[in-house]
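>>> A structural model of the following input is requested.
(one chain, ligands or ions: 2)
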Amino acid sequence: MAAGAAGLWPMIQKKGTIASPGVAIGPALVLDTEEYRIPRRTIDATRVPAQIHILDDALKASREEVRELRLATARQLGDKIATIFALHEEIIADKKLRDVVVGNIENNRYTAAYAFGLQMNELQRRFRNVADPYLKERVRDLFDIEKRVMRHILGRAREDITRLTEPVVVVAHDITPSQAVSFDQEHVLGFAINVGGSTSHTAILARMLGKPAVVALNDITSDVAGGEPVIIDGTHGIVVVNPDPETIERYQAQQAKDRASEIELRELRELPAVTQDGHTITLLANIELSNEARSAMDSGAEGIGLYRTEFLFLSGERAPNEEDQYEAFRTAVRHTGTKPITIRTMDLGADKMMSAMGAHHDHNPVLGLRSLRYCLKNLGMFRTHLRAILRASAHGDVRIMFPMVTNLMELRQAKSTVFDVMEDLEEDEIAFRRDLPIGMMVETPAAAMLASIFVKEVAFFSLGTNDLTQYTLAVDRANERVSDLYAPHNPAVIRLIRQVIRTGRRADVTVNLCGEMAGAPIYTMLLLGLGLRQLSMAPKDIPEVKKIIRLVTLRKCETVVQKVLRFDDDRQILNYLRDRLRDIDPDAI
Ligand code: PEP
Ligand code: MG
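Ligands and ions are numbered 1, 2, ... in the order given. Okay, the predicted model is just below:
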């Protein structure tokens, strides 16, 4: 193993799942599952005794806690099971452990929290590298002990991660979408996360924010101590901890290359998305927050194809009231100008939980009371939401879209709620656009298969391939343990997409695609060949997709589709699509 930049610890390279492309280089800010931030902080000499005192108090309190646990476990479950806590007690009481930490505080002037975390990380690292499976398993115990002692050291003094003073790379077990929105965006360079999949909402958010991210890294949080240098290579799904000088140099060169191609792509901004044989494709943007609409339009979008309004409900302690919502929607509409903006009604649930929803947890949240189902069970809240959207519709080309539709009754009930709210607004003499188009996401296999029924009831379809893939393949999109099975190019998903596009075309109903697939150049030829003429994606992805569109002919894309439909397996499809993309743009992958 190469020695890392600090020369102290070895360089470690880990492979995870690609979540957001680009390279970030910076010191780690490690958040554990309880959101503690453990910064590398030095203290002046006079504070050394106080920090040692804090450490000793925390070790003592932890030991007592574990002792109580051991006794209670022995009483209830027997001595054998209780031995696990005896081991914890022994480690916490280990004089050598204390001496190393105290040495770190005295010699390096570290805080007790940082010095303790550093040593626990080192122990975990050593245990993970032994061959004996029993000892390997003890990493979990060390992790447990670390959390316990750390809780006592830090007490209630948690760090505020919404305001940082220096650039950092966030290393965390998981971050919720609401945390991701509230991070100090100026100083967060990128994310390295233990769990999650490429279309989990944390990954989507990182992409939206333009921050490189790698997810599904297993236990990256125990490989890194706060302050250690980290490189995130979001393009290849790699994280390097303690990189050596050559590795840093290589990645800095990559950053410079990325910047140059960004400038080159920016020049495409004003150019139309037209194929070589003259077919125009409409490229729209996905946004999460109202202010993003402005930068989305600046990146060359011809409107907003998906506004994920639920993020408005995720950031605060309380649910936003009608005025809060109206202000946000109006802001987004204002930034979009005369171009269309599709406001999706709140898609809460699964990995997007609002604090007010926390009281009840579904066993299977992805299949539970979420999204439109939740709205139809909480009609008061839904009506307020619709009222705010309708009021905003007076200011621009607003469309309403319902997520997660699975049956006709749901759609009809949702639509009739919109009409009821329209009547209320009329009575109150409040302006709105009466003929605003109402559409639906096609993101469940049921909706795709019944497209010919739904098509009679809506003004447009938008294919939500993130969920459509999840539900068709029965693969949780946020679960890193099955992420190798998550494939939007699976023949089953492609056939459903094709069916929806054909149905829409026959009925003259617009079909858009707003899943992450839309922004991935590897799928551009496939989607065009399948018949899509409208794609909605993260604003950042627009230039690259536009570049591909301008290089292909529709005829060629249709040939690609014919070939793809003959493959039985998603691996073959992916390899074939990769080769075709390389033919037209060798730099694309
Ligand atoms: C989708 O499911 O493809 C989609 C666009 O919606 P979300 O990612 O918000 O679930
Ligand atoms: Mg969805």
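
>>> So which bits of the helix or strand harbouring Arg75 are buried?
Arg75 belongs to helix 48-77 when elements are defined using DSSP states H and E. Within helix 48-77, the residues that qualify as buried are 48, 51-52, 54-55, 58-59, 61-63, 65-67, 69-70, 73-74, counting by 16 or more other Cβ atoms under 10 Å. Any C-beta I mention is one placed from the backbone N, CA and C, and that applies to glycine too.

>>> can you narrow these to ones near ligand 1?
Residues shared between these and the neighbourhood of ligand 1: none [Cβ under 6 Å from any ligand atom].

>>> ok, back up a step: check which helices and strands the helix holding Arg75 is in contact with.
Under the contact criterion of 3 or more Cβ pairs under 8 Å, 6 or more residues apart in numbering; DSSP states H and E, helix 48-77 touches helix 79-93, helix 95-108, helix 112-128, helix 133-154.

>>> Can you name the residue of the stretch 51-200 of the chain nearest ligand 1?
Closest approach between the stretch 51-200 of the chain and ligand 1, counting by Cβ to the nearest ligand atom: Thr199, at 6.4 Å.

>>> SS state for that residue?
Under DSSP: H, G, I helix; E, B strand; the rest coil, the three-state class of Thr199 is coil.

>>> need the contact list for it.
Thr199 makes contacts with Asn466, Thr469, Gln470, Arg477, Ala478, Tyr486, Gly515, Glu516, as judged by Cβ atoms under 8 Å, 6 or more residues apart in numbering.

>>> how close does the residue of the stretch 301-450 of the chain found nearest ligand 2 get to Arg505?
Nearest residue of the stretch 301-450 of the chain to ligand 2: Glu443, at 4.6 Å (Cβ to the ion). As judged by Cβ to Cβ, to the nearest Å, Glu443 and Arg505 stand 19 Å apart.

>>> Which one's more surrounded, these two?
Glu443 (27 against 14; other Cβ atoms under 10 Å).

>>> Can you tell me the closest non-neighbouring residue to that one?
Gly464 (3.0 Å; Cβ to Cβ, 6 or more residues apart in numbering).

>>> Run through the residues that contact Ala203.
Ala19, Ser20, Gly196, Gly197, Ala213, Val215.

>>> ok, then the element right after the helix or strand where it lies?
In this assignment (DSSP H and E), Ala203 forms part of helix 201-209. Per DSSP H and E, helix 201-209 leads on to strand 213-215 as the next helix or strand towards the C-terminus.

>>> State the phi and psi torsions of the residue lying closest to Val274 once chain neighbours are set aside.
Of all residues not flanking Val274 in the chain, Thr280 sits nearest, at 5.2 Å (Cβ to Cβ, 6+ apart). The phi and psi values for Thr280, taken as degrees, to the nearest 10, are phi -90, psi 130.

>>> Ok, the one 10 residues further on next?
Here the main-chain torsion angles of Ser290 (degrees, to the nearest 10) amount to phi -60, psi -40.

>>> begin at 6 from here
New numbering, starting at 6: the last item is Ser295.

>>> State the distance from it to Ala397.
On the measure of Cβ to Cβ, Ser295 and Ala397 end up 10 Å apart.

>>> Can you pull the residues that touch both of these two?
Phe334, Ala337.

>>> pLDDT wise, what is the residue of the stretch 306-455 of the chain found nearest ligand 1 at?
Using Cβ to the nearest ligand atom, the closest approach of the stretch 306-455 of the chain to ligand 1 is made by Glu448 at 4.5 Å. pLDDT for Glu448: 98.

>>> Check whether it really touches Met409, as I assumed.
Yes - using Cβ atoms under 8 Å, Glu448 is in contact with Met409, at 6.4 Å.

>>> Give the intersection of the neighbour lists for the two.
Asp472.

>>> Could you check how far the residue most central in space within the chain is from Gly201?
In the chain, the residue lying closest to the centroid (Cα atoms, centre = their mean) is Thr207, at 1.6 Å. Using Cβ to Cβ, we find Thr207 at a distance of 6 Å from Gly201.

>>> And Ala79, by the same measure?
38 Å.

>>> again, but for Val338
32 Å.

>>> residue in the stretch 156-305 of the chain nearest to ligand 2?
Counting by Cβ to the ion, the stretch 156-305 of the chain gets nearest ligand 2 through Thr204, at 8.8 Å.

>>> low-scoring pLDDT stretches of the stretch 306-455 of the chain, where are they?
The model of the stretch 306-455 of the chain has pLDDT under 70 over residues 320-322, 358-366.

>>> Get me the contact residues on it for ligand 2.
Glu448 (Cβ under 5 Å from the ion).

>>> picking up where we left off before, was I right to think the residue nearest to the centre of the chain contacts Ala221?
No - counting by Cβ under 8 Å, Thr207 stays clear of Ala221, with 11.1 Å between them.

>>> intersection of neighbour lists for the two?
Ile198, Gly201.

>>> which residues touch the residue of the stretch 306-455 of the chain closest to ligand 1?
Pro408, Met409, Leu468, Gly469, Thr470, Asn471, Asp472, Leu473, Tyr476, Gly520.

>>> Got the phi and psi for Leu34?
phi -120, psi 110.

>>> Which residue comes closest to it once chain neighbours are left out?
Leu34 sits nearest to Val173 (Cβ to Cβ, 6+ apart), 3.8 Å away.

>>> ditto for Leu586
Ala593 (5.0 Å).

>>> The one you found: neighbouring residues, count only.
Ala593, neighbours per other Cβ under 10 Å, totals 16.

>>> Does it belong to a helix, a strand or coil?
coil.

>>> show me what contacts it?
Pro526, Ile527, Glu549, Ile553, Leu586, Arg587.

>>> Got a PyMOL select line for the buried ones in the residues you listed?
Per 16+ other Cβ under 10 Å, the buried members of those correspond to this PyMOL selection:
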select buried, resi 526+527+549+553+586
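
>>> Let's see which of the contacts of Ala593 end up in strands.
In strands, judged by DSSP state E, none of the contacts of Ala593 are found.

>>> out of the contacts of Ala593, who's nearest Leu381?
Nearest to Leu381 out of the contacts of Ala593 is Ile527 (Cβ to Cβ; 36.9 Å).

>>> No further questions, thank you.
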